[in-house]
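A.B. asks: Mind looking at a prediction? Sequence and model below.
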Amino acid sequence: MDSQHHDRPTAPPSSLSGRDPLGSHPLGRDLLGGHPLGVEGSVELAVLERSGMIESRHIGAAAVVASDGTLLRAVGDVTASVYPRSSLKPFQALAVLRSGVDLEGPQAVLAMASHAGTPAHQAIVLDMLTRADATVDDLLCPPDWPYDRATARAADAPTRLFMNCSGKHAGFLLACRHNGWPAGSYDDLDHPLQRAIRATIAEYTGEEVDHAGVDGCGAPVFAVTLRGLATGIARLTHSATTDQDAEAGHLVRAVLADAWALDGPGRANTVTIDELGLLAKLGAEGVMVMGTTSGVAVAVKVLDGNLRAGTLAALQLLVEAGAVDASAAARVLDRTLERVLGGGVVVGAIRAGAGLTAG
């Protein structure tokens, strides 16, 4: 689940199921073999300058990796474990495809989306639920308001359909329907689908998954290192041109064709994909992954959880790696970066921090 300001409050806790998908599972205990990203492993990724003075600094870490696993650049501690949050969704959707579910076009995209909840997004999720012989009430994600402001203003109450992860959960229900798995517990760590997702993550990152948490949508979120996350995204996106993994190639090409479904018109991920032809997927608490079809990817974690530095840091690193054209990246940032205003006039900017520009 990805965080963003809403026009209305989120649903009260009493409306949620109260289930703990981790239960007493060993993966739900403390991080077993690794270590979480901390201040000591972070560098300055971005700064906000206002009227000639730096007002805010965002620190974190990032890894740039090639599809063969070669580490092209490490910024900060790339061996630290992070929760990828919604940046994990490409691998969750891939596991659904591998389970035998046929997802075409925008349905494939919604299976890995953090969508804005527009009527178009809702319609696709409803079509997926119909295919699964399920209803909105069968979704295990919590009720929420749409991200899209116009849609939120027209809504009467939060629903599970509006929740930005409802497409992912609809994909989970399709996998259960196709394979005869229990649909009421698809978010349990020992469910066949979650075991398949865990295996997919281990395969793509090249890491043993030794810890799981509960994501905002209620599904398990598996901890990985930044290097492992970038490696997984590089391998995934490279399949769009090589078809080394046919399902992965299909998934990435679907996103490139219908980027609006992944996020929403005018939103950062959608703009980045449409303008640069690469996969971009944010995650809550300051996570961003981007991968090119040539097989270069970056994974960023901003330690304070602020999302505004993610697109800037990721694109800066891809430009310096020679994977993205600098002028094209600048156009994307001009459209997506938060404006630093004073009295309605631009009085500053957000720019790359010393940790990125130090080379």
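C.D. replies: Perfect, I can see it now.
A.B. asks: what's the spacing between the helix or strand in which residue 299 is found and its chain's center?
C.D. replies: Element membership for residue 299 (DSSP states H and E) is strand 296-302. When distances are taken as C-alpha atoms, centre = their mean, to the nearest Å, strand 296-302 is centred 11 Å away from the chain's centroid.
A.B. asks: Quick one: the strands in this protein, in order.
C.D. replies: Assigned by DSSP state E, the strands in the chain fall at 43-50, 53-66, 71-75, 81-82, 212-214, 220-222, 224-225, 279-283, 287-291, 296-302, 341-342, 345-346, 348-352.
A.B. asks: List the buried residues in the longest one.
C.D. replies: The reference is to strand 53-66. Buried positions in strand 53-66, judged by neighbour count with 16 or more other C-beta atoms under 10 Å: 58, 59, 60, 61, 62, 63, 64, 65, 66. The way it works is simple: take the backbone N, C-alpha and C, and place the C-beta from them, glycine included.
A.B. asks: In contact with the second one, which residues?
C.D. replies: Counting by C-beta atoms under 8 Å, 6 or more residues apart in numbering, residue 59 makes contact with 39, 42, 43, 44, 45, 76, 302, 303, 304, 353, 355.
A.B. asks: Show the buried residues in the residues you listed.
C.D. replies: Using 16+ other C-beta under 10 Å as the burial test, the contacts of residue 59 include 42, 43, 44, 45, 76, 302, 303, 353, 355 as buried.
A.B. asks: doesn't residue 186 make contact with residue 172?
C.D. replies: Yes. Counting by C-beta atoms under 8 Å, residue 172 touches residue 186, with 4.7 Å between them.
A.B. asks: so what sits against both of these two?
C.D. replies: 140, 193.
A.B. asks: rewinding a little: now the buried residues of strand 53-66 as TSV including pLDDT and distance to residue 164?
C.D. replies: Shown next, in TSV, are the buried residues of strand 53-66 (pLDDT from 0 to 100; distance: C-beta to C-beta, whole Å):
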residue	pLDDT	distance to residue 164
58	97	23
59	98	27
60	98	23
61	98	25
62	98	24
63	98	26
64	98	27
65	98	27
66	96	31
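A.B. asks: re earlier: looking at residue 172 and residue 186, which is more packed in?
C.D. replies: Taking other C-beta atoms under 10 Å, residue 172 and residue 186 do not tie; residue 172 has more neighbours (32 against 22).
A.B. asks: Any chance of the buried ones among the contacts of residue 59 in CSV with distance to residue 323 and pLDDT as columns?
C.D. replies: CSV is the format used below for the buried ones among the contacts of residue 59 (distance: C-beta to C-beta, whole Å; pLDDT from 0 to 100):
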residue, distance to residue 323, pLDDT
42, 23, 97
43, 21, 97
44, 22, 97
45, 18, 97
76, 20, 97
302, 21, 98
303, 24, 97
353, 20, 95
355, 19, 94
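A.B. asks: Looking at the residues you listed, spot the one nearest residue 105.
C.D. replies: Set against residue 105, the nearest of these by C-beta to C-beta is residue 302 (32.5 Å).
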